[in-house]
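> I would like to see how this sequence folds:
(chains A and B)
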There are 2 protein chains.
Amino acid sequence: MKSVVVFSGGIDSTTLLFKLKNEGHEIYTITFSYGQKHSRELESAKKIASILKFDHKIVDISSLQSLLDSALTNPNIAIPKVPVGAQFYETLKTTVVPNRNAIFLSIAAGYAQSIGANNVFYAAHYSDRGIYPDCRQEFIEAFEKMSRISLENNSLSVQSPFVNMNKSDIVRLGSELGIPYELTWSCYSGDTKHCGTCSACRERKRAFFEAGIKDPTVYRE
Amino acid sequence: MKSVVVFSGGIDSTTLLFKLKNEGHEIYTITFSYGQKHSRELESAKKIASILKFDHKIVDISSLQSLLDSALTNPNIAIPKVPVGAQFYETLKTTVVPNRNAIFLSIAAGYAQSIGANNVFYAAHYSDRGIYPDCRQEFIEAFEKMSRISLENNSLSVQSPFVNMNKSDIVRLGSELGIPYELTWSCYSGDTKHCGTCSACRERKRAFFEAGIKDPTVYRE
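Numbering: from 1, shown residues only, chains lettered A, B, ... in the order given. Model prediction:
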């Protein structure tokens, strides 16, 4: 089954790749350089795709940096630091990149159509649903419907198999699959080492902690 | 009313801009460089936007050229020449760029959200509906629904005011608005002069003919 997978080099999409590979998919991965401060994730994506011998495209859409306002792309908005155990809903909202998944998936679906693939995957999960509307089941369904019309292809399937799983469930699954998580990247800060205090690092730490699995990441703090 | 308008520099989106300007919209135009052979249209867009003094962004997503298979982007697929009066449905299919409007509109909607605009416009019209599924009313509705979820913004409106108008109706309207159509660009061929024989040139010629308005275009053939 020919499948295009949106792949960031983080824990979730890396686990998705291993899972789909195990299930026998013929995988085409696509990674976006969209002007994110944490472009370090592109290196992780490249390395992991090369180890798994996947067809891998890194797509440069960094011109979007000046259009999409977010702490992840705008040099004038700081990446929020998150205190341990804080309720951080409001702070995290600055990390939303408006329409990011709609943009990524629209390109992925156009690419899928071009190579004769009927499946598009991405790795939204349950822990993200509060902040990120494009990680919710209703978004996925509306997106699939729109794409089927846009591509005149009722066989097109858009899926996020982790949409009802927490990040700790994903780490547990990935651990069983033997994923080298030390190669993955989460941190938003733009450093070359995981900062340990941004929301992505907090979530990463928590996922390993809750899963009861040793976190192989080296954090600055 | 703050409005983002997808603008190619062709007849349809230029007419849309003049119409919206007349109606008092505060307009932000966005033009995409997506690896199209007819990048000549970017010059037209630039010139027209500067004459109208619109805020204008040209967004470079030319890396998509290698992902989206179409005669408009793939150097190995010739732009079809269309005989006069031919039924050219099958030939024209090679000019579909898969998911083009979904990609453009996803970016435009993310940009709209970033600048606090609730309106996204593009200039799909009735003559395009046969070949291009992303120019149909059902696509527009599905796209708007998806975007409202993706951006958590039920006030977002995605519209194509010409969706029930033929290209000749558009030319008639634009002529009343005094549009300098000689500045617009339609041709797909990649030449610096309108070729006169590609589908876009045929449609352009036909629109002026049917509207009974003198065509100001200089064609090679």
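
> any chance you could map the strands in chain A?
Here chain A has its strands, by DSSP state E, at A:2-6, A:26-33, A:55-60, A:119-121, A:157-159.

> Neighbouring strands of the fourth one in the sheet, and parallel or not?
Note on strand A:119-121: by DSSP bridges, its sheet partners are strand A:2-6 (parallel), strand A:157-159 (parallel).

> can the helix ranked longest in chain A be found next to chain B?
In chain A, taking DSSP state H as the definition, the longest helix is helix A:100-115. Yes. Residues of helix A:100-115 contacting chain B under C-beta under 8 Å from any C-beta of the partner chain: A:Arg100, A:Asn101, A:Ala102, A:Ile103, A:Ser106, A:Ile107, A:Ala109, A:Gly110, A:Tyr111, A:Gln113, A:Ser114, A:Ile115. Bear in mind the C-beta positions are built from the backbone N, C-alpha and C, glycine included.

> can I assume the third one is in contact with B:Ala109?
The reference is to A:Ala102. Yes. With contact defined as C-beta atoms under 8 Å, A:Ala102 counts as touching B:Ala109 (7.3 Å).

> Which residues are in contact with each of the two?
B:Ser147, B:Ser150 (C-beta atoms under 8 Å, 6 or more residues apart in numbering or on different chains).

> ok, which residues in chain A are in contact with chain B?
A:30, A:57, A:59-61, A:63-64, A:66-69, A:97-103, A:106-107, A:109-111, A:113-115, A:133-134, A:136, A:138-139, A:142-143, A:145-147, A:149-152.

> residues near the spatially closest residue to A:Pro216 that is not a sequence neighbour, how many?
Of all residues not flanking A:Pro216 in the chain, A:Glu182 sits nearest, at 4.1 Å (C-beta to C-beta, 6 or more residues apart in numbering or on different chains). Close neighbours of A:Glu182, defined as other C-beta atoms under 10 Å in any protein chain shown, add up to 10.

> and if you look at A:Pro161?
Around A:Pro161 there are 17 residues (other C-beta under 10 Å).

> how close does it sit to chain B?
According to C-beta to the nearest C-beta, to the nearest Å, A:Pro161 stands 19 Å off from chain B.

> I'd say A:Val6 and A:Ser106 touch.
No. Counting by C-beta under 8 Å, A:Val6 does not reach A:Ser106; the two are 10.8 Å apart.

> the more surrounded of the two?
Set side by side, A:Val6 and A:Ser106 show more neighbours around A:Ser106, with 28 against 21, by other C-beta under 10 Å.

> list the contacts for that one?
A:Ser147, B:Asn99, B:Ala102, B:Ile103, B:Ser106.

> make it 10 Å
Going by C-beta atoms under 10 Å, 6 or more residues apart in numbering or on different chains, A:Ser106 touches A:99, A:120, A:143, A:146-147, A:150, B:98-107, B:143, B:146.

> just to revisit the earlier point, which of the strands paired with strand A:119-121 is buried the deepest?
Highest mean neighbour count of the strands paired with strand A:119-121: strand A:2-6, a mean of 22 (counted as mean count of other C-beta atoms under 10 Å in any protein chain shown).

> bridging residues for A:Val5?
Counting by DSSP bridges, A:Val5 is bridged to A:Thr29, A:Phe121.

> so what's it up against?
A:13, A:16-17, A:20-21, A:25, A:27-31, A:49, A:54, A:56, A:108, A:117, A:119-123.

> give me that answer again for 6 Å
With contact set as C-beta atoms under 6 Å, 6 or more residues apart in numbering or on different chains, A:Val5 has these partners: A:Leu17, A:Ile27, A:Thr29, A:Phe121.

> so can I have a markdown table of these showing neighbour count, distance to B:Thr73 and pLDDT?
Listed next are the contacts of A:Val5 as a markdown table, based on neighbours: other C-beta atoms under 10 Å in any protein chain shown; distance: C-beta to C-beta, whole Å; pLDDT from 0 to 100:
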| residue | neighbour count | distance to B:Thr73 | pLDDT |
| --- | --- | --- | --- |
| A:Leu17 | 26 | 28 | 97 |
| A:Ile27 | 24 | 24 | 97 |
| A:Thr29 | 25 | 21 | 98 |
| A:Phe121 | 26 | 25 | 98 |
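
> Which pair of those spans the longest distance?
Farthest apart among the contacts of A:Val5 by C-beta to C-beta are A:Thr29 and A:Phe121. That separation is 9.7 Å.

> Low-confidence ranges, chain A, go.
A:85-90 (pLDDT under 70).

> if I look at the residue lying farthest from the centre of chain A, how far off is B:Arg100?
Distance from the C-alpha centroid of chain A peaks at A:Glu152, with 26.9 Å (C-alpha atoms, centre = their mean). From A:Glu152 over to B:Arg100 the distance is 13 Å, taken as C-beta to C-beta, to the nearest Å.

> Go through the residues of helix A:100-115 next to chain B and name the one nearest B:Ser160.
Looking across the residues of helix A:100-115 next to chain B and measuring by C-beta to C-beta, the closest to B:Ser160 is A:Ser106, at 16.9 Å.

> For A:Arg172, give its distance to B:Lys57.
According to C-beta to C-beta, A:Arg172 and B:Lys57 sit 44 Å apart.

> just A:Pro83 next, same as before
On the measure of C-beta to C-beta, A:Pro83 and B:Lys57 end up 38 Å apart.

> Please give me every residue in contact with the residue lying closest to A:Ile77 once chain neighbours are set aside.
Of all residues beyond its chain neighbours, the one nearest A:Ile77 is A:Ala71 (4.3 Å), with distances taken as C-beta to C-beta, 6+ apart. Shown in contact with A:Ala71 (C-beta under 6 Å, 6+ apart): A:Ile77, A:Ile79, A:Thr94, A:Thr95.

> who's in contact with the last one?
Shown in contact with A:Thr95 (C-beta under 6 Å, 6+ apart): A:Ala71, A:Leu72.

> what about 8 Å?
A:Ser70, A:Ala71, A:Leu72, A:Ile79, A:Pro80, A:Ile131, A:Tyr188, A:Ser199.

> And the third one, by the same measure?
Applying C-beta under 8 Å, 6+ apart, we find A:Thr94 in contact with A:Ser70, A:Ala71, A:Ile77, A:Pro80.

> out of those residues, who's nearest chain B?
Checking the contacts of A:Thr94 against chain B with C-beta to the nearest C-beta, the nearest one is A:Ser70 at 8.1 Å.

> what about that closest one, how many residues close to it?
Look at A:Ser70: counted by other C-beta under 10 Å, it has 21 neighbours.

> one step back: hmm, the residue nearest to A:Pro216 is touching A:Thr217, no?
Yes. At 6.8 Å, A:Glu182 and A:Thr217 qualify as touching, with contact defined as C-beta under 8 Å.

> Would you work out how far apart the start and end of stretch A:21-30 are?
15 Å (C-alpha to C-alpha, to the nearest Å).

> Now do stretch A:48-57: everything it contacts.
So stretch A:48-57 is contacted by A:7, A:9, A:14, A:17-18, A:21, A:27-31, A:45-46, A:111, A:180, A:183-184, B:66-67 (C-beta under 8 Å, 6+ apart).
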